[in-house]
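**Q** Quick one, structure for this:
(one chain, ligands or ions: 2)
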Amino acid sequence: MASTPLILSIDQGTTSSRSLVFDANGRIVSSAQCEYKQHFPKPGWVEHNPDDIWRTTVQTADEAMTAAEQQTGGKIECIGITNQRETTVVWDKRSGQALGNAIVWQDRRTSGHCEELRLSGKLDEIVRRTGLTIDPYFSATKLRWILENVEGAIDLAEQGNLAFGTIDAFLIYRLTGGKHHLTDETNASRTLLYNINEGDWDDWLLNLFEIPRSVLPDIRSSSSSFGETDPQIFGRSIPILGVAGDQQAAAFGQACWHAGMIKSTYGTGCFMLASSGNKIVRSQSGLLSTVACRTSAERQFAVEGSIFIAGAVSQWLRDELHIIEDAAETESLAASVSSNEGVYVVPAFTGLGAPHWDSTARGAIFGLTRNTGRAVLTRAAIEAVAYQTNDLVASLISDGLSVDAIRVDGGMVANSWFLQFLSDILEVRIDRPVIIESTARGAAFLAGLKAGIFSNTEQLEELWAHDRQFTPSMLASERQALVSGWQAAVKATLFHASLN
Ligand SMILES: Nc1ncnc2c1ncn2[C@@H]1O[C@H](COP(=O)(O)OP(=O)(O)O)[C@@H](O)[C@H]1O
Ligand SMILES: O=P(O)(O)OC[C@H](O)CO
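**A** Ligands and ions are numbered 1, 2, ... in the order given. Modelled structure (predicted):
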């Protein structure tokens, strides 16, 4: 019997590293997952230990590969990598050893630097070049911070021995035994150092952030060759043929590559991407322009709304408030009460992202009474994710895009109560696919196309199937009252931030 071609997809996420093996029909054959420690050394700071990222990646990859090969008699033919974006790490090119912890996308330590940039009148030019905005979220100010504050970094950079990367580049470097310092264009487009119009690192931005060009990886398109793994790691060399930032990979895994198609991923944060095909669409209402995955010569783009806290509200309820034991409990608790009783949670724990972009905002709860208990608080926290998505949809609409249906994925979409509420608030059909691991699937698609395991994107489109559709059923008056309550809560939160 001919052996089945298999694809290993490494999904290095904010809270865990996952490895999934897919077959030539885009089905999951095996998977392994390992959570790792989050470091919060100061208020607003979030770090990851790069060795934890490396260890959990190799461990889960090994586990998933062994299981899949034993189960099917097939062989892993290629690897796709997808990763939490913007998170910034530097390492010594000679040893591959990181200089300190990675600064995570949620980290706010560079708020002051961002404020200075805004006040210096650079916003419009930065937006024009990058499609992004000025915010600590992106990599550039984090890298600048490292060069200024991490011992030895600037000296190594001057010697040409310092490497910068988002997590994809770090993993490629280590997996290829230090042979390749590469990133892909979707990850590059999130650094604030990449010119979205020209498709390359931008000298004006490098100069502005004082970043030496020698620290930067070379950029490839997402479905291309990123070298082969060092045989000492998995016992043999395996080509890395697909790399993309996790949100772009999720859009690809959801087959959202025609202009106008929209996906929204609910992991730690929520990231909504609307494909704009081969055009860069410039939002006038707080959304970003970003590079999407492509499989041909023509570059592809998307409009993105980024919300920093989505599934992480469940972790907050579990780990900080201790009012639930498991994220899955939020579904039955939210459904156990008939309304939010006027309670609104604004989970601006790490500032507010799109469309407000206020890195100084902090979380708030409104409408508490002596009667407010864990069920109402949980419901309000989950509802907040839907209201935040509604703010993104309002931005898309005011930018002239139409929103007919949204394909959703990520850990939080296991919560059907949330998806029904989301559909009610958005007044839009929500499609949950059979495979909600779209991120990993997207990276597998990118690698599998390059390897010839999949013949074209039409074939991949046919592999997408929905598990359940959620359609709006709430009374317009009820919806309006809820959205107004949310808007008032956000306004008060922003006002409070402006006082500091
Ligand atoms: N049933 C659920 N209801 C609400 N949130 C959930 C549920 N299941 C998982 N989550 C949340 O989803 C997130 C995990 O999703 P995942 O896609 O794995 O995230 P990431 O890739 O950011 O690490 C966690 O924040 C978790 O709290
Ligand atoms: O790891 P996730 O799924 O929370 O995604 C993080 C995003 O890429 C941040 O931009």
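
**Q** how long is stretch 341-359 end to end?
**A** The first residue of stretch 341-359 is 29 Å away from its last residue (Cα to Cα, to the nearest Å).

**Q** mind starting the numbering at 246 from now?
**A** Understood, numbering begins at 246; the last thing we discussed is stretch 586-604.

**Q** could you check whether it is close to ligand 1?
**A** No - Stretch 586-604 does not reach ligand 1 (Cβ under 6 Å from any ligand atom); its nearest approach is 11.4 Å. All C-beta spots, glycine's among them, are computed from the backbone N, C-alpha and C.

**Q** can that stretch be found next to ligand 2?
**A** No - judged by Cβ under 6 Å from any ligand atom, stretch 586-604 makes no contact with ligand 2; its nearest approach is 9.2 Å.

**Q** Just give me how far that stretch sits from the chain centre.
**A** Counting by Cα atoms, centre = their mean, to the nearest Å, stretch 586-604 is centred 18 Å from the centre of its parent chain.

**Q** ok, which residues in the stretch 646-745 of the chain are in contact with ligand 1?
**A** 655-657, 659-660.

**Q** and which of those is nearest ligand 1?
**A** Set against ligand 1, the nearest of those by Cβ to the nearest ligand atom is G656 (2.2 Å).

**Q** Strands of the stretch 296-445 of the chain, residue ranges please.
**A** Listed in chain order, the strands of the stretch 296-445 of the chain (DSSP state E, counting those that start in this stretch) span 320-328, 334-337, 347-348, 407-410, 427-429, 439-440, 445-446.

**Q** which residues touch the third one?
**A** The reference is to strand 347-348. Applying Cβ atoms under 8 Å, 6 or more residues apart in numbering, the contact partners of strand 347-348 are 290-295, 298, 332-334, 354, 387, 390-391, 412, 415.

**Q** again, but for the second one
**A** Where contact means Cβ under 8 Å, 6+ apart, the residues beyond strand 334-337 that reach it are 295, 342-345, 347-348, 388, 391, 395, 398, 401, 406-412, 415, 418, 460.

**Q** From those, list the buried ones, please.
**A** By neighbour count, with 16 or more other Cβ atoms under 10 Å, these hold 295, 343-345, 347-348, 388, 391, 395, 398, 401, 406-412, 415, 418, 460 as buried.

**Q** low-scoring stretches of the protein, by residue?
**A** The model of the chain has pLDDT under 70 over residues 246-247.

**Q** For it, which residues are neighbours of ligand 1?
**A** So far as Cβ under 6 Å from any ligand atom goes, the chain lies against ligand 1 at 258-261, 512-513, 556-557, 559-560, 572-573, 575-576, 655-657, 659-660.

**Q** related to what we said a few turns ago, could the strands of the stretch 296-445 of the chain be laid out in a markdown table, adding distance to A609?
**A** Formatted as a markdown table, the strands of the stretch 296-445 of the chain follow (distance: least, Cβ to Cβ, whole Å):
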| stretch | distance to A609 |
| --- | --- |
| strand 320-328 | 31 |
| strand 334-337 | 32 |
| strand 347-348 | 26 |
| strand 407-410 | 36 |
| strand 427-429 | 37 |
| strand 439-440 | 35 |
| strand 445-446 | 39 |
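
**Q** Just tell me which of those ends up closest to A593.
**A** Nearest of the strands of the stretch 296-445 of the chain to A593, taken as Cβ to Cβ: strand 347-348 at 19.7 Å.

**Q** Report the distance from the closest one to the chain centre.
**A** Relative to the chain's own centre, strand 347-348 is displaced by 15 Å; criterion: Cα atoms, centre = their mean.

**Q** List, one by one, the residues from this protein near ligand 2.
**A** 258-259, 329-331, 350, 490-492, 512-514, 516.

**Q** give me the beta-bridge partners of A519?
**A** I507, V548 (DSSP bridges).

**Q** pretty sure it contacts A547?
**A** Yes - using Cβ atoms under 8 Å, A519 is in contact with A547, at 6.1 Å.

**Q** circling back to that earlier point, next step: the contacts of strand 334-337 restricted to helices.
**A** Secondary structure from DSSP state H places 295, 388, 391, 398, 401, 412, 415, 418 of the contacts of strand 334-337 in helices.

**Q** The fifth one against L392, yeah?
**A** Read that as L401. No - if you go by Cβ under 8 Å, L401 and L392 don't touch, sitting 9.7 Å apart.

**Q** what element comes up after the top helix by length along the chain heading to the C-terminus?
**A** Assignment by DSSP H gives helix 619-643 as the longest helix of the chain. Using DSSP states H and E, the helix or strand that directly follows helix 619-643 along the chain is strand 650-654.

**Q** send the alpha carbons of that next one over as PDB?
**A** The C-alpha coordinates for strand 650-654 follow below in PDB (Å, rounded to 0.1, in the frame of the first residue of the first chain):
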ATOM      1  CA  ALA A 650     -21.200  36.100   7.100                       C
ATOM      2  CA  ILE A 651     -18.200  35.400   9.300                       C
ATOM      3  CA  ARG A 652     -16.200  32.200   9.600                       C
ATOM      4  CA  VAL A 653     -15.000  31.700  13.100                       C
ATOM      5  CA  ASP A 654     -12.400  29.500  14.800                       C
END
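
**Q** tilt between that strand and helix 619-643?
**A** Here strand 650-654 runs at an angle of 130 degrees relative to helix 619-643 (axes from the mean of the first three to the mean of the last three Cα atoms, to 10 degrees).

**Q** about what we covered before: the residues of the stretch 646-745 of the chain next to ligand 1, buried ones only, as a PyMOL selection?
**A** Burial among these is assessed by 16+ other Cβ under 10 Å; the matching PyMOL selection reads:
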select buried, resi 655+656+657+660
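
**Q** Closest one of the residues of the stretch 646-745 of the chain next to ligand 1 to R724?
**A** For these, the nearest to R724 is N660 (19.4 Å; Cβ to Cβ).

**Q** For that closest one, give its distance to A572.
**A** 8 Å (Cβ to Cβ, to the nearest Å).

**Q** any idea which element E703 lies in?
**A** Using DSSP H and E, E703 falls within helix 702-708.

**Q** circling back: tell me what the longest helix of the chain is packed against?
**A** strand 507-511, strand 515-520, strand 545-552, helix 557-564, helix 574-580, strand 589-591, helix 661-671, helix 721-743 (3 or more Cβ pairs under 8 Å, 6 or more residues apart in numbering; DSSP states H and E).

**Q** Can you report how many residues lie near the residue in the stretch 396-545 of the chain positioned nearest to ligand 1?
**A** With Cβ to the nearest ligand atom, the shortest gap between the stretch 396-545 of the chain and ligand 1 falls at G512, namely 2.8 Å. Using other Cβ atoms under 10 Å, the number of residues around G512 comes to 24.

**Q** Right, I'll call it a day here.
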